[in-house]
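Engineer: fold the following, please.
(one chain, ligands or ions: 2)
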Amino acid sequence: MAGKLVSALRWLLLGPLWAAQLLTGAKSFMDNPLIGSRRLNARGLHAWRLRVTDRLAQSRRARLAALLAPPDRAAFDRDGYVMKADFLPAPQFAALRQQVLDYRGAAREEVQGDAVTRRIACDAAALAAMPALRELLQLPAWRGLIRYAGSFDAEPMVYIQTVLSHARPGMADPQEALHADTFHATVKAWLFLTDVEPGAMCFTYVPGSHRLTPQRLQWEHGKSLAMSPQTDRLTRRGSLRVEEGELPALGLPPPRQFAVPANTLVVADTHGFHARGASTRPTLRVEIWAYSRRNPFMPWTGLDPWRPRALHLRRIGLAWWAGDTLERLGIKSHVWKRRPGTSAFDGPGDRT
Ligand SMILES: O=C(O)CCC(=O)C(=O)O
Ligand SMILES: [Fe+2]
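Structural biologist: Numbers count the residues shown, from 1 in each chain. Ligands and ions are numbered 1, 2, ... in the order given. Predicted coordinates for the structure are as follows:
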């Protein structure tokens, strides 16, 4: 009886929010009972969200086409990623790498399985200390590729990211399983500052898997109905895992591994299937890493509220501060732990 009352109250209070979230990027089948509703998904809710946001992303991208060179656009439209070897002229890349090596800033770290991800915000202090980084972020090629792939004319969040594999005891790194980050077009970019050797965390992508084919739509529909408490947690949170063996039936080729030298840029739509390649030995991978995501139901490309420089330079700090505050209030623990004075190139043993 009491349970029923609590449940009714929860629906009364949160129901409108859950309903409104259907028209946003909210993706968790666990946290939003409408997104996770088997009844609604049997009627096509999940598939509908995919179809609508795919159409909108295509139309936004068409309007952003002038931001990139036609061959890059063709490559991206075909594969779901663009790879550029020797992205920066050698002296600029050497300066960038050296400046990142020398920089110690307000880093944060997250643990996932036995891997540690470290991020240093590209905020005002970082850009003042690293002029080569400032130049990179202003390059039309960098800006254009990320905006087109993300399908929005929006400032990305940019970090210096370090991934340390086998850095601590734990289960396998969950990023090593092939997955789609979410149900709609979205972008991540990596400008590698370290060489990425085979068998040492190569970014991995299934070419063409960003396209919403009838097979993919059917697969998504099937997955949305098959969610159960036994399904892995990240799938239930909306980053659907896929087995390599399922790819042929989806008309998709095997994944491509990006074993690439430093100074290679990869910009990818991580709605496509991708993973962090397995790592046979402890490895440190450092990259300038960008991420951009907006409400995928918005038809327009612009109106980015974070566009003013003073705002977007503070955005990451604000997000971390919000996470810290929620943790202090006992509402939710914050996965991004403070690591002040850390360099992107510090190994696991050098961490404070
Ligand atoms: O670090 C990588 O290579 C890919 C990790 C991943 O899945 C992601 O960033 O979405
Ligand atoms: Fe991912």
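Engineer: which outside residues touch the lowest-mean-pLDDT helix or strand in the chain?
Structural biologist: Lowest on mean pLDDT, DSSP states H and E among the helices and strands of the chain sits helix 309-312, with a mean of 88. Residues from elsewhere that reach helix 309-312 (C-beta atoms under 8 Å, 6 or more residues apart in numbering): 155, 305-306. All C-beta atoms are positioned from the backbone trio N, CA, C, and that covers glycine.
Engineer: all helices of the stretch 201-350 of the chain, in order?
Structural biologist: 214-226, 233-236, 309-312, 315-328 (DSSP state H, counting those that start in this stretch).
Engineer: so which of these gets nearest D269?
Structural biologist: helix 214-226 (12.9 Å; C-beta to C-beta).
Engineer: so what's the residue count around the residue in the stretch 1-150 of the chain that ligand 1 sits nearest to?
Structural biologist: Relative to ligand 1, the nearest point of the stretch 1-150 of the chain is T117 (8.0 Å; C-beta to the nearest ligand atom). T117 has 22 neighbours, counted by other C-beta atoms under 10 Å.
Engineer: could we number from 645 for the rest of this?
Structural biologist: Sure, I'll start counting at 645 from here, so that last one is T761.
Engineer: does it really touch E754, like I thought?
Structural biologist: Yes: at 4.9 Å, T761 and E754 qualify as touching, with contact defined as C-beta atoms under 8 Å.
Engineer: how long is stretch 799-814 end to end?
Structural biologist: Stretch 799-814 stretches 35 Å from its first residue to its last (C-alpha to C-alpha, to the nearest Å).
Engineer: what comes up buried for that stretch?
Structural biologist: 799-811 (16 or more other C-beta atoms under 10 Å).
Engineer: which pair in those spans the largest distance?
Structural biologist: E799 and H810 (34.3 Å).
Engineer: so who does R855 touch?
Structural biologist: The contact partners of R855, by C-beta under 8 Å, 6+ apart, come to G724.
Engineer: dead centre of the protein: give me the residue that sits there.
Structural biologist: The chain has K832 as the residue nearest its centroid, 5.2 Å off, counting by C-alpha atoms, centre = their mean.
Engineer: next one: stretch 686-703 to chain centre, how far?
Structural biologist: Distance of stretch 686-703 from its chain centroid, counting by C-alpha atoms, centre = their mean, to the nearest Å, is 20 Å.
Engineer: what comes into contact with it?
Structural biologist: Looking at stretch 686-703 with C-beta under 8 Å, 6+ apart, the contacting residues turn out to be 666, 678-679, 681, 685, 795, 827-829, 856, 861, 864-865, 868-869, 940-943.
Engineer: can we see that at 7 Å?
Structural biologist: 795, 827-829, 856, 861, 864-865, 868-869, 940-941, 943 (C-beta atoms under 7 Å, 6 or more residues apart in numbering).
Engineer: give me the beta-bridge partners of V911?
Structural biologist: Following DSSP bridges, V911 is listed with bridge partners V726, A833.
Engineer: what parts of the stretch 795-944 of the chain come near ligand 1?
Structural biologist: 807, 819, 825, 832, 847, 914, 918-920 (C-beta under 6 Å from any ligand atom).
Engineer: which of the buried residues of stretch 799-814 lies closest to ligand 1?
Structural biologist: V807 (5.7 Å).
Engineer: could you tell me the phi and psi values at that closest one?
Structural biologist: phi -120, psi 130 (degrees, to the nearest 10).
Engineer: give the contact list for the closest residue to it other than its chain neighbours.
Structural biologist: Once flanking residues are discounted, V807 sits nearest to R929: 4.6 Å by C-beta to C-beta, 6 or more residues apart in numbering. R929 makes contact with 807, 838, 840, 845, according to C-beta under 7 Å, 6+ apart.
Engineer: most neighbours, which of those?
Structural biologist: Busiest of those [other C-beta under 10 Å] is M845, holding 27 neighbours.
Engineer: go ahead and confirm that residue touches S923.
Structural biologist: Yes: using C-beta atoms under 7 Å, M845 is in contact with S923, at 4.7 Å.
Engineer: overlap in contacts of those two?
Structural biologist: S809.
Engineer: and A966, how far from G659?
Structural biologist: 25 Å (C-beta to C-beta, to the nearest Å).
Engineer: of all of the stretch 745-894 of the chain, which residue lies closest to ligand 1?
Structural biologist: Counting by C-beta to the nearest ligand atom, the stretch 745-894 of the chain gets nearest ligand 1 through F847, at 3.8 Å.
Engineer: ok, the nearest residue to that residue once chain neighbours are set aside - contacts?
Structural biologist: Once flanking residues are discounted, F847 sits nearest to F902: 4.6 Å by C-beta to C-beta, 6+ apart. With contacts defined as C-beta under 7 Å, 6+ apart, F902 is in contact with 727, 840, 846-847, 910.
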